[in-house]
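# need the 3D shape of this:
(one chain, ligands or ions: 1)
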Amino acid sequence: MRAASPLSLLRGPAWKNRIALAPLTNQQSHADGTLSDDEYRWLTMRAHGGFGLVMTCAAHVSATGQGFPGQLGIWSQAHMPGLARLADAIRETGAVSSVQLHHAGRRSPPELIGGQPVCAFDDPETGARAVATGEVEVLVEGFVSAGIRAQEAGFDGVEIHGAHGYLVGQFLDAENNHRTDGWGGDATGRTRFLKAIIDGLRASTRPDFQIGVRLSPERFGIDTMSTRTLVGDLMCEGCLDYVDLSLWDTFKQPVDPALQDRTLFGWFSDLPRHGTRLGATGRISGSATLEAALSAGADFAMIGRGAVLHHDFARRTLGSSAFASRALPVTRETLAAEGLGPAFVDYMSRWKGFVAE
Ligand SMILES: Cc1cc2nc3c(=O)[nH]c(=O)nc-3n(C[C@H](O)[C@H](O)[C@H](O)COP(=O)(O)O)c2cc1C
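The predicted model follows:
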């Protein structure tokens, strides 16, 4: 079985298999962003459940970048004891650990951050304001400092959240980021924010620190072919250990009518990787879809909802070629038994069709 083979990366420890826990917002942190026992339990159960990589939820890198109530924080020394406790416990299971670094940008609720959200551009819809040029560098520094904290806490690496239209994605947004100060406009300008974060993290972390990027290859003002160019460049530069494509359905066709002769993932799987690993996320719900994703060229698969439904999704898929995750909806009790605390169960109950009420 392909999924069982270890995955070496350009830097840092090999993953013991090709099954990674996707970043999953679970709203279980304390109001100040410190780790709670519920979040510790949720993640360490997945580490014990056989995942090769265990990633935290999107963790906000600055107080003003918070996107959700109960979100994990990585912007202050106060967050360090909880993060270190988590990193230690994941390491003990033999899984590799990572923190997803996140800033919600215009999608930060003002009541949560106590002020006006910031963005690459003015956004009348949310009331977010475009940051000044000097502030862009401060935002980059926020990601870099958070990465240093992750390293100091004992994590093996970080993933920059460049997907789903949050701050990094707002800089990548071709429809809206028309900045003329070098941080927007053409492709070079729009990708500069992401590249500055990668460069800053590389310069400030140890040589074996694993750095990945998650990208959305369509929607959110993102054009698939431009993303293909960006991913090709990043892989060629060798600055990243992996690229994680957030596809929502690994086997889907692209939205772009001109690109229908391949799957969306197929527009990335043929790029020369130069050792950078490529991951797929979306609708991998059992052994068959896992093997299909790897056969389609993914070096690893990230598991979201399957890992919510089964803390040991990885062990089960490795143990049987016939494993398929439970049918939806599931009861609150089932989710509690799988290690979700009450806040996370409530959050999942807002995902249509997930929880039987
Ligand atoms: C409850 C929930 C929370 C999520 N939180 C995050 C997150 O914090 N960061 C992120 O990049 N994606 C997040 N996602 C997206 C997942 O990482 C994943 O890409 C998506 O669920 C598709 O994979 P799946 O079909 O295996 O669930 C979330 C998805 C769900 C269902």
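# ok, which residues in the stretch 201-350 of the chain are in contact with the ligand?
214, 246, 248, 281, 282, 283, 284, 303, 304, 305, 306 (Cβ under 6 Å from any ligand atom). C-beta here means a position set from N, CA and C on the backbone, and glycine is covered the same way.
# what does the model give the closest residue to the second one other than its chain neighbours for pLDDT?
In other words, residue 246. Take residue 246 and drop its neighbours on the chain: the residue closest to it by Cβ to Cβ, 6 or more residues apart in numbering is residue 163, 4.2 Å away. Per-residue pLDDT puts residue 163 at 98.
# how close does the closest residue to the ligand within the chain sit to residue 283?
Going by Cβ to the nearest ligand atom, the ligand is nearest to residue 304 of the chain, at 2.6 Å. According to Cβ to Cβ, to the nearest Å, residue 304 and residue 283 sit 9 Å apart.
# quick one, helices of the stretch 101-250 of the chain?
Counting by DSSP state H, counting those that start in this stretch, the segments of the stretch 101-250 of the chain that form helices are 110-113, 133-153, 167-172, 187-204, 224-237.
# quick one: the second one to helix 187-204, angle?
Spelled out, it's helix 133-153. 40 degrees (axes from the mean of the first three to the mean of the last three Cα atoms, to 10 degrees).
# what segments of the stretch 251-357 of the chain are strands?
277-281, 300-303 (DSSP state E, counting those that start in this stretch).
# give me the helices and strands touching the first one, please.
Using 3 or more Cβ pairs under 8 Å, 6 or more residues apart in numbering; DSSP states H and E as the contact test, the elements touching strand 277-281 are strand 242-246, strand 300-303.
# do the same with the last one
When contacts are defined as 3+ Cβ pairs under 8 Å, 6+ apart, strand 300-303 packs onto strand 19-21, strand 277-281, helix 287-295.
# contacts for it, please.
3, 7, 15, 18-22, 51-53, 55, 242, 244, 250, 277, 279-281, 284, 290, 293-294, 313-314 (Cβ atoms under 8 Å, 6 or more residues apart in numbering).
# quick one: contacts for the closest residue to residue 320 other than its chain neighbours?
Nearest non-adjacent residue to residue 320, counting by Cβ to Cβ, 6+ apart: residue 287, 6.2 Å away. The contact partners of residue 287, taken as Cβ under 8 Å, 6+ apart, are 1, 3, 317, 320, 321, 322, 323, 324.
# do the same with residue 20
Residues near residue 20 by Cβ under 8 Å, 6+ apart: 51, 52, 53, 54, 55, 244, 279, 300, 301, 302, 303.
# okay, the helices of the stretch 101-250 of the chain in CSV with distance to residue 39 next?
Output for the helices of the stretch 101-250 of the chain, formatted as CSV (distance: least, Cβ to Cβ, whole Å):
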stretch, distance to residue 39
helix 110-113, 18
helix 133-153, 14
helix 167-172, 23
helix 187-204, 24
helix 224-237, 30
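# most packed of the ones you listed?
helix 167-172 (a mean of 28; mean count of other Cβ atoms under 10 Å).
# what sits up against that helix?
Contacts of helix 167-172 (Cβ under 8 Å, 6+ apart): 65, 102-106, 118-121, 139, 160-163, 176-177, 183-184, 190-194, 197, 215-216, 220-222, 230.
# got it, and stretch 142-155?
Stretch 142-155 has contacts (Cβ under 8 Å, 6+ apart) with 59, 61-62, 65, 74-75, 79-80, 83-84, 86-88, 91, 97-99, 101, 103, 157-158, 160, 197, 200-201, 204-206, 209, 211.
# appreciated, that's everything.
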